[in-house]
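Engineer: Fold the following, please.
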Amino acid sequence: MDRRVPTGPIRHRSRFRLLLATGATAFALAAAAATPLNPAPQQAHATTAEAPAAAPADSASDAGSGSGSGGKKVLTVAVNQSVDSLSPFLTTRLVSTTALRLMYEYLTNYDVKDGHTIPGLASAWKSSSSKLTWTFTIRKNATWSDGQQVTADDAAWTFNKMMTDSAAATANGSFTANFKKVTAPDARTLVVQLKKPQATMTALDVPIVPKHIWEKVGDFSKFNNDKQFPVVGDGPFILTDYKVDQYLKFKPNKTFWRGAPKFDELDFKYYKDNDAAVAALQKGEVSFVQGLTPAQAAALKTEKNIKVNDAPGRRFYALATNPGAKAKNGKKIGDGNPALLDPRVRKALFAATDTKTIIDKVFQGHAVEGAGYIPPRFSSYFWKPSASQKISYDPARAAALLDQAGYKKNGDGKRVGKDGKPLSFRLLCHATDPNDKAIGQYMQEWWGKLGIGLKMSCLDNVSDPWLAGQYDLAFDGYSVNPDPDYVLSIHTCAALPDTPKGTGSTDNFICDKKFDSLYAQQAVEYNPAKRADLVKQMESRLYDTGYMNVMAYPNAVEAYRTDQIKSIDTMPLAAGNIWGQDGYWSFWSAVPADHSASKSSGSSTGLVIGIVAAVVVIGLGGFVALRRRSTAEDRE
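Structural biologist: Numbers count the residues shown, from 1 in each chain. Prediction:
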């Protein structure tokens, strides 16, 4: 779960959520459990998004960027999301989890071609016939950047710390919630015993940390891993420096078992404004920018030495309704409009929303019209409502539903309830997201014709009112993993906070017993077809309740300089994204424009990559948002 071009609130995944975590596809899990791949160490490769090498522009040498001839090659990423923490036990935001994927290996990874499970730190794995015991073989050729060998004891220590220290379980505790016992019989063997079968055991997205470093940490709730450099890790890059809201600097890990990256340095450079990042790309000060608007993408397509990558995305864009937010103890949270407790009102709002216009006018074709909760990119789990089930744009139907719900027009054309009060809603939107504002304006027009009032509240930080349940409607969005468990789990009753002041992992306070029952069934289902059917039933249930209206599946629209990057892997390889991958493939594979075959086994070269996450930019005065919401894309 790392995941979101976050249009959703910033929230922690809590250890209270149900037992499973997201990860690899179910069919891959079954295959891997039998005979996992046996990858040999190899050099970074780049087979997609190739561009002809060109002479670097003079400006490419400015600001430490680019591919200056004979100089150090720096790959710089322009980011506008603040780091919440660099501790694998605490962080949830996309920029932070992206950094962690570069710094630490997980037991398994996802193939860059199609996202199926492949070995990571574990070279092989198998399960008992009961699926209650899993044995992982830790590879021989993995070392920490300080020279010490990576062993199974590091992995066992990581998991056991999460199982016994609630602070260490802050970000990823759900992965170990079903663990009964974890041991390391020898340096290369890790044994995990489960309380019940867990269908995502090859999708444990938990960074494994070096025991000899982390066992010295005292309070895991306060240690942010951001004071002593270089940070010891075993991933393709080593973090060498970090300044709040300024930059993160990495150097290649020359001993990385897959082979060292080809750039001499990787920098994440902070830009609060997306236009400024695009301008930096045009000047050669950065080499890659993500989250482009249609206008920016169109303008960049005509620029020399710039390639625009427009590919099917892995996230959805939705309108969420406050379902009557409550805690697990049944106490009310916030002040959501009680009219939204009526499914007829919720469905009327959806019937009054023209998603085709949103695709055509707002996304300008850089998106696919929404349907189910899982984007079409994940074909095994993609679901669409039947013709009779689908809520299409139909103002007449919306008006009839409102009439049935008791909200009829008065003499002024306003919908009023039995108490005589006008029907009006508050809409949370992100001040940094132009899509939110544009779509909100359309909805004001459409709903206004029905007699419904709509007031937009566009904030830099939507976390606080969302967490407090002080909203009626909100724009929401998550990036979905190859395995959809996480984005489904955030709508279970178990994800609710224990009390109104708690910090559960729920996205939108949804608690539906039928949905929960289906979730529990898919959680232990190893048959890929049966599990996919259960997931689709969950999507159907979520659609029918009317709590979430998935309006679009936005494309990944990004651009890079071809005079600085010769090639860089997308995921999937055929037509995928560069930023926000399930893995480290893009940065690890990136080849400098002047990189020659004779340098193929050498260090990387540098370039400035600008990744402007389309997320709420939250100022980093400490780590206040650490226990706030975290979008799925925040979990990558």
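
Engineer: what sits against the spatially closest residue to residue 422 that is not a sequence neighbour?
Structural biologist: In this structure, residue 422 finds its nearest non-sequential neighbour in residue 414, 4.7 Å apart by C-beta to C-beta, 6 or more residues apart in numbering. Using the backbone N, CA and C atoms, a C-beta is placed for each residue, glycine as well. Residue 414 is in contact with 422, 423, 451, 453, counting by C-beta atoms under 8 Å, 6 or more residues apart in numbering.

Engineer: For PyMOL, write a command that selects the buried ones of the residues you listed.
Structural biologist: Of the contacts of residue 414, the buried ones can be selected in PyMOL as follows, counting by 16 or more other C-beta atoms under 10 Å:
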select buried, resi 423+451
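
Engineer: Against which helices or strands is the biggest helix by length in the chain packed?
Structural biologist: Ranked by residue count under DSSP state H, the longest helix found in the chain is helix 528-545. In this structure, helix 528-545 packs against helix 26-34, helix 513-523, with contacts taken as 3 or more C-beta pairs under 8 Å, 6 or more residues apart in numbering; DSSP states H and E.

Engineer: Now do stretch 131-149: distance to the chain's middle.
Structural biologist: 26 Å (C-alpha atoms, centre = their mean, to the nearest Å).

Engineer: What is the end-to-end distance of that stretch?
Structural biologist: With C-alpha to C-alpha, to the nearest Å as the measure, stretch 131-149 spans 30 Å from end to end.

Engineer: got it, and stretch 212-223?
Structural biologist: 16 Å.

Engineer: Helices of the stretch 351-500 of the chain, residue ranges please.
Structural biologist: 355-357, 395-404, 434-449, 463-467, 485-489 (DSSP state H, counting those that start in this stretch).

Engineer: typed the wrong thing, it's the stretch 101-250 of the chain
Structural biologist: Under DSSP H, counting those that start in this stretch, the stretch 101-250 of the chain gives helices at 152-164, 173-176, 211-214.

Engineer: Report the mean per-residue pLDDT for the longest one.
Structural biologist: It stands for helix 152-164. Average pLDDT, helix 152-164: 97.

Engineer: Can you list the buried residues in that helix?
Structural biologist: Quick answer for helix 152-164 (16+ other C-beta under 10 Å): 152, 153, 154, 155, 156, 157, 158, 159, 160, 161, 162, 163.

Engineer: for the closest residue in space to the second one that isn't next to it in sequence, what are its contacts?
Structural biologist: Translated: residue 153. Leaving out its chain neighbours, the residue that sits closest to residue 153 by C-beta to C-beta, 6+ apart is residue 184, at 4.5 Å. Contact analysis of residue 184 by C-beta under 8 Å, 6+ apart lists 151, 152, 153, 155, 156, 190, 191.

Engineer: out of everything not next to it in sequence, what's closest to the second one?
Structural biologist: Spelled out, it's residue 152. Leaving aside its sequence neighbours, residue 152 sits nearest to residue 184 (C-beta to C-beta, 6+ apart; 3.8 Å).

Engineer: Tell me the pLDDT of residue 492.
Structural biologist: pLDDT, residue 492: 91.

Engineer: and the gap between it and residue 259?
Structural biologist: To residue 259, residue 492 is 41 Å away according to C-beta to C-beta, to the nearest Å.

Engineer: Need the outlier residue of this protein, farthest from its centre.
Structural biologist: residue 411 (47.3 Å; C-alpha atoms, centre = their mean).

Engineer: which residues does the residue lying closest to residue 183 once chain neighbours are set aside bridge with?
Structural biologist: Closest residue to residue 183 apart from its sequence neighbours, by C-beta to C-beta, 6+ apart: residue 191 at 5.0 Å. Residue 191 has these beta-bridge partners by DSSP bridges: residue 135, residue 183.

Engineer: Residue 191 against residue 159, yeah?
Structural biologist: No - the criterion here is C-beta atoms under 8 Å, and residue 191 misses it with residue 159 at 10.7 Å.

Engineer: Mutual contacts of these two, please.
Structural biologist: Residues touching both residue 191 and residue 159 (C-beta under 8 Å, 6+ apart) are residue 182.

Engineer: And the nearest residue to residue 446 once chain neighbours are set aside, how close does it get to residue 98?
Structural biologist: Nearest residue to residue 446, sequence neighbours excluded (C-beta to C-beta, 6+ apart): residue 352, at 5.2 Å. According to C-beta to C-beta, residue 352 stands 38 Å off from residue 98.

Engineer: Can you pull the poorly scored residue ranges out of the stretch 1-150 of the chain?
Structural biologist: Applying pLDDT under 70 to the stretch 1-150 of the chain flags residues 1-70.

Engineer: Would you mind listing the buried residues in stretch 169-179?
Structural biologist: 169, 170, 171, 172, 173, 174, 175, 176, 177, 178, 179.

Engineer: Show me which of the residues you listed is closest to residue 76.
Structural biologist: residue 171 (26.5 Å; C-beta to C-beta).
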